[in-house]
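1. Predicted structure and sequence below. I'll ask about it afterward.
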Amino acid sequence: MTRVPYLSARLQGFGTTVFAEMSALAVATGSVNLGQGFPDYPGPPEVLDVARAAIGTAADQYPPGPGTPELRTAVAAHVQRFRGRAYDADTEVLVTAGATEALSAALLALLETGDEVVLFEPMYDCYAAGIAMAGGVARPVPLHPPAGGVGTWTFDPEALRAAITPRTRMLLLNTPHNPTGKVFTEEELELLAGHVLEHDLLVLTDEVYEHLVFDGTRHRSIADVPGLRDRTLVVGSAGKTFNVTGWKIGWICGPAPLVSAVRTAKQFLTFVNGGPFQPAVAAGLALPDAYFTGLAQDLQYRRDVLVQGLAEAGLPVISPEATYFATVDVRPVQPDGDGLAFCRALPERAGVVGVPTGVFYDPEHAHLGRHLVRFAFCKSDAVLGDAVERLRRL
């Protein structure tokens, strides 16, 4: 690997994200961008109107370091309402600049140099970089797609066991999972919990897609497994729940000593963020249950539209249980099975942009996802319809 000048050893190997490359391709070619996971329709007016009203007021200035009391109280109440798990809003909830800062601050706060983090791949790309910046070592365990594309992704329990060593400090979990759309089952969470307790690990769980679950599938947090609440940090975000990904309002909940440690790191990253957006997110978290069930039903409809269109284009689809994303096998239309080459050529071939799943793997395991590509369906009816029509050119 060619060394990048000036870049620290910790970050060698982490170049510009594939999202930037594919988004630039979309702009340059006038393609439909199904690569990056952002909605192209507005969030609920009950949320947007509060933000508009807050701009031009004292909310434009620095909010309190841990987040406004209003938002921290709303997060705690939301978790209690939907998960039945109690957090103290003053000591066990911290507002962050999106989920990414929550994850980064937790890793920086809790890892010593050489500590190992067990996680599942394919994985959201900030995980490996965040672990590296904190001086840690990622120990990925592969998820395997279902045979014939029907069912859920699974992992080998022996591979999980082998990934845990005396240097393991933390399990980093993402459920519902990006990019696969997998929701970890209760049996899988119990298995993971057994290893966590046996090896005295901490848990960092990214649950930003908790409300975007389909077909009656149930999301359960590993924090609710007996014995894990007091060693688990749970990350949430407003972006995916209220269609405001640019606001970058997230939070992290957990036992007071762990949250205090994360706050120590967070205060030297962004310090504070999003003053006018915090009361708006608080209002959103208090919306009635019908909003959250309707959000999932709407995205399930959009998923079904895209999945059908992809299948009609000759791309075998692994239909997701949750999130914004569907995964396809490109080999029927890309004989060499090179997902990255397929994505780079797709704007010219069909006027659509996707993201190769191989980039979400550790380089040693990238071959496992080489033939897979991720498409986002969090788009308007018109955009999805246009994308499906264009994909018929394949």
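-> Perfect, I can see it now. Predicted, not measured: the structure shown is a model, and the values here were computed from it.
2. Contacts made by the helix ranked longest in the chain with the rest, please.
-> In the chain, taking DSSP state H as the definition, the longest helix is helix 289-312. Outside helix 289-312, the residues within contact range by C-beta atoms under 8 Å, 6 or more residues apart in numbering are 34, 44, 82, 211-215, 241, 317, 319-320, 324, 326, 328, 375, 377-379, 381, 384-385, 387-388, 391-392. All C-beta spots, glycine's among them, are computed from the backbone N, C-alpha and C.
3. list the buried ones in stretch 30-42?
-> By neighbour count on 16 or more other C-beta atoms under 10 Å, the buried set for stretch 30-42 is 31, 32, 33, 34, 35, 36, 37, 38, 39.
4. for these, which one is nearest residue 192?
-> Comparing the buried residues of stretch 30-42 against residue 192 with C-beta to C-beta picks out residue 37 as the nearest, at 24.9 Å.
5. Spit out the contact partners of the nearest residue to that closest one once chain neighbours are set aside.
-> Beyond its immediate neighbours in the sequence, the residue positioned closest to residue 37 (C-beta to C-beta, 6 or more residues apart in numbering) is residue 324, lying 4.4 Å away. Counting by C-beta under 8 Å, 6+ apart, residue 324 makes contact with 37, 178, 209, 212, 240, 299, 376, 377, 378.
6. one more time with 10 Å
-> For residue 324, the contacting residues are 34, 36-39, 176, 178-179, 181, 209, 212, 240, 299, 302-303, 374-379, by C-beta atoms under 10 Å, 6 or more residues apart in numbering.
7. Taking the centroid of the protein, which residue is nearest it?
-> For the chain, the residue lying nearest the average C-alpha position, counting by C-alpha atoms, centre = their mean, turns out to be residue 178 (5.1 Å).
8. measure that one to residue 212 for me?
-> Distance of residue 178 to residue 212, given as C-beta to C-beta, to the nearest Å: 10 Å.
9. Now do the shared contacts for these two.
-> Going by C-beta under 10 Å, 6+ apart, residues that sit against residue 178 and also against residue 212 are 240, 320, 322, 323, 324.
10. which parts of the longest helix of the chain are buried?
-> 291-292, 295-296, 299-300, 302-303, 305-307, 309-310.
11. Let me know the next secondary structure element after it.
-> strand 317-318 (DSSP states H and E).
12. Given that following strand, what are its sheet partners and their directions?
-> Partner strands and pairing direction for strand 317-318 (DSSP bridges) are strand 325-329 (antiparallel).
13. So which bits of the very next helix or strand once past the strand it pairs with are buried?
-> From strand 325-329 onward toward the C-terminus, using DSSP H and E, the following helix or strand is helix 339-350. Of all the residues in helix 339-350, those buried under the rule 16+ other C-beta under 10 Å are 339, 340, 342, 343, 346, 347, 350.
14. Could you identify the most distant pair in these?
-> Looking at the buried residues of helix 339-350 by C-beta to C-beta, the two members farthest from one another are 340 and 350, with 16.1 Å of separation.
15. Also compute the angle for the helix or strand bottoming out on mean pLDDT in the chain relative to helix 339-350, please.
-> With mean pLDDT, DSSP states H and E as the measure, the helix or strand of the chain carrying the lowest mean pLDDT is helix 18-29 (a mean of 90). Going by axes from the mean of the first three to the mean of the last three C-alpha atoms, to 10 degrees, helix 18-29 is angled at 20 degrees with respect to helix 339-350.
16. which residues are in contact with helix 18-29?
-> Counting by C-beta under 10 Å, 6+ apart, 15-17, 31-38, 125, 340, 343-348, 351-356, 358-360, 374 sit against helix 18-29.
17. Just the buried positions in it, please.
-> Burial within helix 18-29, assessed by neighbour count using 16+ other C-beta under 10 Å, is assigned to 18, 19, 21, 22, 23, 25, 26.
18. and these, which two are the farthest apart?
-> Going by C-beta to C-beta, the pair spanning the buried residues of helix 18-29 furthest: 18 and 26, at 12.4 Å.
19. quick one on the thing from earlier: and the contacts of helix 289-312, which of them are in helices?
-> Going by DSSP H, the helices hold 82, 241, 381, 384, 385, 387, 388, 391 from those.
20. Excluding residues flanking it in the chain, which one is nearest the fourth one?
-> For residue 384, ignoring the flanking residues on the chain, the nearest one in space by C-beta to C-beta, 6+ apart is residue 305 at 5.1 Å.
21. Next one: the one you found from residue 292, what distance?
-> The spacing between residue 305 and residue 292, counted by C-beta to C-beta, is 21 Å.
22. same thing with residue 339?
-> Separation of residue 339 from residue 292 (C-beta to C-beta): 33 Å.
23. so what does the helix or strand encompassing residue 72 touch, helix or strand wise?
-> Counting by DSSP H and E, the secondary-structure element that holds residue 72 is helix 69-83. Counting contacts by 3 or more C-beta pairs under 10 Å, 6 or more residues apart in numbering; DSSP states H and E, helix 69-83 packs against strand 93-96, strand 232-237, strand 250-253, helix 277-285, helix 289-312.
24. Mind listing what's buried along it?
-> 71, 72, 73, 74, 75, 76, 77, 78, 79, 83.
25. count of residues packed around residue 277?
-> 25 (other C-beta atoms under 10 Å).
26. How is the chain partitioned into domains?
-> Each structural domain of the chain that the record assigns through the TED database is listed here as a residue range: 9-43+290-392, 45-287.
27. returning to what we had before: for the residue nearest to residue 384, report the pLDDT, please.
-> The model reports residue 305 with a pLDDT of 98.
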